[in-house]
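Enquirer: dropping a prediction and its sequence here:
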Amino acid sequence: MSKAIPNRSEDYSLWYNELVKKAGLAENSPVRGCMVIKPYGFAIWEKMQQTLDKMFKETGHQNAYFPLFIPKSFFSKEASHVEGFAKECAVVTHYRLKNDEVNGGVIVDPDAKLEEELIVRPTSETVIWDSYKNWIQSYRDLPLLINQWANVVRWEMRTRLFLRTAEFLWQEGHTAHATEKEAQEETKQMLDIYATFAEQYMALPVIKGVKTENERFAGAVDTYCIEALMQDGKALQAGTSHFLGQNFAKAFDVKFATREGKDEYVWGTSWGVSTRLMGALIMAHSDDDGLVLPPNLAPIQVVIVPIFRKEEELASISEAVDPLIKALRARNIDIQFDKRDTHKPGWKFAEYELKGVPVRIAVGPKDLEKGTFEIARRDTKEKSIIQQSEATEYIINLLKDIQENIHSKAVNFQKEMTTFVDTWEEFKSQIGGEGGFVYAHWDGTSETEDKIKNETKATIRCIPLDAQPEEGKCVFTGNPSKQRVLFAKSY
RNA sequence: CGGGGCGUGGCUCAGUCCGGUUAGAGUACCUGGUUUGGGACCAGGGGGUCGCAGGUUCGAAUCCUGCCGCCCCGACCA
């Protein structure tokens, strides 16, 4: 059997790239830095969307939609925000094309210059807060809990499928509250939702924490994040939740009348996850044979591959699997019966492994004779012969078991790749070697953080929320520190 | 924007240094047959502006000049 994808340990980024393409998730588009998400990849994203959307609505949020274009002037209202995004904005300057009389083709009509340029949103804080000014008058209008599913554009210098593309799909929540405490609670609630989603659906353990000043979102008072560890020992920021304080309220003049009749600025939050989660899902669990999808997010959870020579054989196989298909569908399992005669069984086995389908059932003449199914699990590659009458319950339990197994495998990996270091030598050799999560003391200054980054490429991923206070000395300067922070090389 | 590499059927690439039959292979695709419990085999077939433009030459994928595009490493970042 020829290898469909490169070996994971030999060249991780080549492996990742080929896997994304071969599994039919996405490909590079002719448009610079953009990607085409193919049906199978989009089906996974849709499952993520549905799950997250439900969690948002259960916590009182509503969806809305705001414009793609943002007038340039909106950006100048929050100084640190514009500074953070200025270098990566796509700008619309004209609104019309015309025929090129000289060279043929079309040119931008110089007469159609916009009076004010429009920025293609890199994030929507500014347009949304501009609306909030009109939506919020009194404490009765609060809290305002809005989410939007949208695309955004950031003109990145270098792109990578799912992990960093010039255009990406995401969800951005933007909330306004009467009190600082309530906004803080919202920020943390959404971080918890992201962490729960990562753990329970993506089977991905994450570290919750707060960003240092260097890594903070432009315009935020505090940026909280979840950090995940990939199989090559690099960290990936999988989601962020920002406490905005009153920064945007002040910039866009969003005030409300309190019960006491006083005018006050509202308190804001914003939070988002993107198609980058797809990258995390792929990199965290996949192996040299392809994707390994957690059952809770797999578009196809169970596939049936019939093994047959003649039409009659397929007919009797269909008859045998029909009750199983009905029973599993009744239990909300996504099951597919691949009766195509254009591909051989072996080809299908390899294909569904590449696509990460958690459970595969093979049914042939031998099974029909014995009244059995051959049931194979993607995560461990184990095969079992199961009586047809017991198959439904077996598969339902197996899906649960696979979900748990993928999760605990990722938990163990993260544990093995987590080290606590106290000396600069250890720090350098750990980061330069196998990488992983490195907990070390830090003196709390941006200067030290920058120096460590310049020397080792490692950054502070976050100051973990659940870290125990611990007296120590900064691994770089030796200055006093009160708790360890999480270092790693990152994507 | 700096440093490196590469543009040849859909995909992966050989051929380029040292110019010379009709430009090749693997894979994918189409047809027929044999196959079908782990990416089948045999036979036949279709598909190429050799990135673009110009130049040198009897002759250019190959040499020269200019341009364009892509990938990798950095800086930047969800």
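Expert: Structure's in. What do you need?
Enquirer: which phi and psi values does the residue nearest to the spatial centre of chain A adopt?
Expert: Nearest to the mean C-alpha position of chain A, counting by Cα atoms, centre = their mean, stands residue A:277 at 1.6 Å. When read as degrees, to the nearest 10, the backbone of residue A:277 gives phi -60, psi -30.
Enquirer: my read: it touches residue A:202, true?
Expert: Yes - here residue A:277 reaches residue A:202: they are 6.9 Å apart, a contact under Cβ atoms under 8 Å. All C-beta atoms are positioned from the backbone trio N, CA, C, and that covers glycine.
Enquirer: residues near the residue lying closest to residue A:406 once chain neighbours are set aside, how many?
Expert: For residue A:406, ignoring the flanking residues on the chain, the nearest one in space by Cβ to Cβ, 6 or more residues apart in numbering is residue A:203 at 4.3 Å. Residue A:203 has 27 neighbours, counted by other Cβ atoms under 10 Å.
Enquirer: contacts only, for residue A:203.
Expert: Applying Cβ atoms under 8 Å, 6 or more residues apart in numbering, we find residue A:203 in contact with A:284, A:285, A:294, A:296, A:403, A:406, A:407, A:410.
Enquirer: could you export the residues you listed as CSV, including secondary structure?
Expert: Shown next, in CSV, are these (DSSP: H, G, I helix; E, B strand; the rest coil):
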residue, secondary structure
A:284, helix
A:285, helix
A:294, coil
A:296, coil
A:403, helix
A:406, helix
A:407, helix
A:410, helix
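Enquirer: including pLDDT, neighbour count and distance to residue A:418, could those go into TSV?
Expert: Converted to TSV, the contacts of residue A:203 look like this (pLDDT from 0 to 100; neighbours: other Cβ atoms under 10 Å; distance: Cβ to Cβ, whole Å):
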residue	pLDDT	neighbour count	distance to residue A:418
A:284	94	25	15
A:285	96	23	18
A:294	98	26	22
A:296	98	21	25
A:403	98	20	23
A:406	98	24	19
A:407	98	20	16
A:410	97	23	12
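Enquirer: output the host helix or strand of residue A:283 in CSV with nothing but the alpha carbons.
Expert: Under the criterion DSSP states H and E, the helix or strand holding residue A:283 is helix A:276-285. Presented in CSV, the C-alpha positions along helix A:276-285 are these (Å, rounded to 0.1, in the frame of the first residue of the first chain):
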residue,chain,number,x,y,z
ARG,A,276,-8.2,27.6,13.3
LEU,A,277,-10.0,25.1,15.6
MET,A,278,-10.0,22.8,12.5
GLY,A,279,-6.2,23.0,12.4
ALA,A,280,-6.1,22.2,16.1
LEU,A,281,-8.4,19.2,15.6
ILE,A,282,-6.3,17.9,12.8
MET,A,283,-2.9,18.4,14.4
ALA,A,284,-3.9,17.1,17.8
HIS,A,285,-5.2,13.6,16.9
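Enquirer: average pLDDT across the host helix or strand of residue A:256?
Expert: Assigned by DSSP H and E, residue A:256 belongs to strand A:255-257. Average pLDDT, strand A:255-257: 98.
Enquirer: which ones are touching residue A:444?
Expert: Each residue near residue A:444 by Cβ under 8 Å, 6+ apart is listed here: residue A:481.
Enquirer: quick one: contacts for residue A:382?
Expert: With contact taken as Cβ under 8 Å, 6+ apart, residue A:382 is in contact with residue A:376.
Enquirer: just residue A:333 next, same as before
Expert: Neighbours of residue A:333 in contact, by Cβ under 8 Å, 6+ apart: A:301, A:302, A:395, A:396, A:399.
Enquirer: what's the answer for residue A:360, then?
Expert: Residues in contact with residue A:360, defined by Cβ under 8 Å, 6+ apart, are A:302, A:303, A:304, A:305, A:349, A:352, A:353, A:375, A:376, A:378.
Enquirer: roughly how far does the nearest residue to it once chain neighbours are set aside sit from residue A:318?
Expert: Residue nearest to residue A:360 in three dimensions, not counting chain neighbours: residue A:376, with 4.6 Å by Cβ to Cβ, 6+ apart. To residue A:318, residue A:376 is 20 Å away according to Cβ to Cβ, to the nearest Å.
Enquirer: pull the number of nearby residues for residue A:341.
Expert: Using other Cβ under 10 Å, residue A:341 is surrounded by 10 other residues.
Enquirer: quick one: the helices in chain A?
Expert: Listed in chain order, the helices of chain A (DSSP state H) span residues A:12-22, A:39-58, A:72-75, A:79-85, A:125-135, A:180-200, A:247-251, A:276-285, A:311-330, A:345-354, A:365-370, A:391-416, A:424-432, A:446-456.
Enquirer: Serialize the ones you listed to JSON lines and add fields for distance to RNA strand B.
Expert: Listed next are the helices of chain A as JSON lines, based on distance: least, Cβ to the nearest atom of the strand, whole Å:
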{"stretch": "helix A:12-22", "distance to RNA strand B": "5"}
{"stretch": "helix A:39-58", "distance to RNA strand B": "12"}
{"stretch": "helix A:72-75", "distance to RNA strand B": "16"}
{"stretch": "helix A:79-85", "distance to RNA strand B": "7"}
{"stretch": "helix A:125-135", "distance to RNA strand B": "12"}
{"stretch": "helix A:180-200", "distance to RNA strand B": "11"}
{"stretch": "helix A:247-251", "distance to RNA strand B": "16"}
{"stretch": "helix A:276-285", "distance to RNA strand B": "4"}
{"stretch": "helix A:311-330", "distance to RNA strand B": "9"}
{"stretch": "helix A:345-354", "distance to RNA strand B": "3"}
{"stretch": "helix A:365-370", "distance to RNA strand B": "3"}
{"stretch": "helix A:391-416", "distance to RNA strand B": "13"}
{"stretch": "helix A:424-432", "distance to RNA strand B": "12"}
{"stretch": "helix A:446-456", "distance to RNA strand B": "7"}
